[in-house]
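Q: Here is the input, now give the coordinates:
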Amino acid sequence: MAAFHIPPALKHRKFVLLWLGLMISQAGSQMQIWALFWHISTLSSNPIAVSVIGAIRFVPVVLFSLLAGLVADRYNRRKIVFLTQIIATLVAIALGVLTMTHTITLWHIYALTAIQAAAIAFDLPARQSLIPSLLPPEDLPSAFSLQSIAFNMGSIVGPGLSGIIIAYYGQEYTYYLNAVSFIAVIVALILMGHVSQPAPQNAMSIKNSLGDIRAGIRFIRNQPIIISSMILDFIATFFSSANTLLPYVAHSVLHVDAIIYGWLAAAQSIGAVTAGVIISQLSDLRRQGTILLAAVGAFGLITILFGLSTWVDLTFLTLIGIGAADTVSTVIRNTVRQMQTPDAMRGRMTGINQIFFMGGPQLGEIEAGAVAQAFGVPFAIISGGVGTILGAWLIILRWPQLLKYDHQELQPAAAPAD
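A: The predicted structure is shown next:
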């Protein structure tokens, strides 16, 4: 059995700084997200109340993603991330103050969520496009595996802490601790120093901006592997977005308290970290297309089992499996897209992709809540798993080249002429 080695991406100082900052920040963000779901479930007994969060987070994605991608290609990506982290910090503080003063309502939560979603819409294209500038191309798969680990390590610690802090200290402290966690990313960005990126070819104007956005759309449309993986993202996350229903599974199906709920919320990330560590050790992953679609299929099947479960232990294990399958597909998708996209186009590619991989979960939360309201929580989860499997099958029929995709195609594509 081969020994574990230090992932190659950790040999690059600037990436390490960002990676550590994101791991700490992600713990706070996940603590806030799951605490927010629990908070809403205490303010309203209707599952649709939690699912409205999905609609609120989706609107900024639709409104700003194309512009955010262009901004990431036009302006300093490091400074953009710095600004978005400050906005997220202020939102967390506002949630804490409103909760502590007992003046918070659903409308406060929805409004602050909208502000944070707008910041995230600009944060992600800048941050994802920044990573390939921090290390050489051959270390990019390792970097995205580690990024997944950072995300999911935070997602293990955060939800677990959310249940404990809510139970013993109060809801408002989950928001305050999240505000503190953003300092880690801000400090990392300061210590990182200058990061080079391509200078824009055209001056910033409405005409040039629209032309650059059209060029990004044209590039995506002409890349079948990229566009098919984006649509696969949307389908899988739309039909299997049952995360917001977990408080109601905890309340009504499993009959557990906030502490057990917190650990159930962390279960997906336990599976995700395990899968991420394994992938980070691999240097020659072949037949990525087959692995990607198999992972999505497994994601759907395990989601069905999650919906059928009435046992805490089985639910915990299914959530671990969901997290592992999701991480395998996420790492492959991110690596393929970034490697096939020229640096000057990466912000726009990520901005367009953001509509798919963030729009899917947000709209899926609405779908899951509406189905749960009409037919019950278990049916909503089970039908979502079935929809994921059928969606993956349709992708194979439409783009069979995705199933056959291999790492030999990992060559940056040329940007279209403006």
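Q: could you say what helices and strands the strand or helix carrying residue 259 packs with?
A: If you go by DSSP states H and E, residue 259 is part of helix 258-280. If contacts are counted by 3 or more C-beta pairs under 8 Å, 6 or more residues apart in numbering; DSSP states H and E, helix 258-280 sits against helix 13-43, helix 140-168, helix 246-248, helix 312-339. No exception for glycine: its C-beta is placed from N, CA and C like everyone else's.
Q: among those, which is nearest residue 52?
A: Nearest to residue 52, of all the helices and strands packed on helix 258-280, is helix 13-43, at 8.4 Å by C-beta to C-beta.
Q: right, and the helices and strands packed on helix 258-280 - which one's nearest residue 94?
A: Using C-beta to C-beta, the nearest of the helices and strands packed on helix 258-280 to residue 94 is helix 13-43, at 11.8 Å.
Q: that older thread, kindly reformat the helices and strands packed on helix 258-280 as JSON lines containing mean neighbour count.
A: As requested, these are exported to JSON lines (neighbours: other C-beta atoms under 10 Å):
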{"stretch": "helix 13-43", "mean neighbour count": "22"}
{"stretch": "helix 140-168", "mean neighbour count": "23"}
{"stretch": "helix 246-248", "mean neighbour count": "24"}
{"stretch": "helix 312-339", "mean neighbour count": "22"}
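Q: that older thread, if you average pLDDT over the helix holding residue 259, what comes out?
A: Here helix 258-280 scores 79 as its mean pLDDT.
Q: ok, now stretch 316-325?
A: 90.
Q: Tell me the gap between that stretch and the middle of its chain.
A: 16 Å (C-alpha atoms, centre = their mean, to the nearest Å).
Q: Need the contact partners of it.
A: 152, 240, 263-264, 267-272, 274-275, 295-296, 298-299, 302-303, 305-306, 309 (C-beta atoms under 8 Å, 6 or more residues apart in numbering).
Q: where are the low-confidence patches of the stretch 301-418 of the chain?
A: Applying pLDDT under 70 to the stretch 301-418 of the chain flags residues 343, 357, 359, 362, 407-418.
Q: Next, please give the residue ranges for the helices of the stretch 51-200 of the chain.
A: 77-100, 106-130, 140-168, 172-192 (DSSP state H, counting those that start in this stretch).
Q: and of these, who's closest to residue 227?
A: Comparing the helices of the stretch 51-200 of the chain against residue 227 with C-beta to C-beta, the closest turns out to be helix 106-130 (17.2 Å).
Q: Let me see the mean pLDDT of the closest one.
A: For helix 106-130, the mean per-residue pLDDT is 89.
Q: so what secondary structure elements neighbour that helix?
A: Using 3+ C-beta pairs under 8 Å, 6+ apart, helix 106-130 is in contact with helix 13-43, helix 47-74, helix 77-100, helix 346-375.
Q: Rebuild those helices as JSON lines, extending it with distance to residue 328.
A: Formatted as JSON lines, these follow (distance: least, C-beta to C-beta, whole Å):
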{"stretch": "helix 13-43", "distance to residue 328": "19"}
{"stretch": "helix 47-74", "distance to residue 328": "24"}
{"stretch": "helix 77-100", "distance to residue 328": "26"}
{"stretch": "helix 346-375", "distance to residue 328": "15"}
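Q: looking at the ones you listed, which one has the lowest mean pLDDT?
A: When the helices and strands packed on helix 106-130 are compared by mean pLDDT, helix 346-375 comes last with a mean of 74.
Q: which parts of the following helix or strand past that helix are buried?
A: Of the helices and strands lying after helix 346-375 in sequence (DSSP H and E), the nearest is helix 377-398. Neighbour-count burial for helix 377-398, counted by 16 or more other C-beta atoms under 10 Å, picks out 377-378, 380-389, 391-392, 395-396.
Q: Hmm, residue 187 and residue 82 touching each other?
A: No: when contacts are counted by C-beta atoms under 8 Å, residue 82 is not listed as touching residue 187 (10.5 Å).
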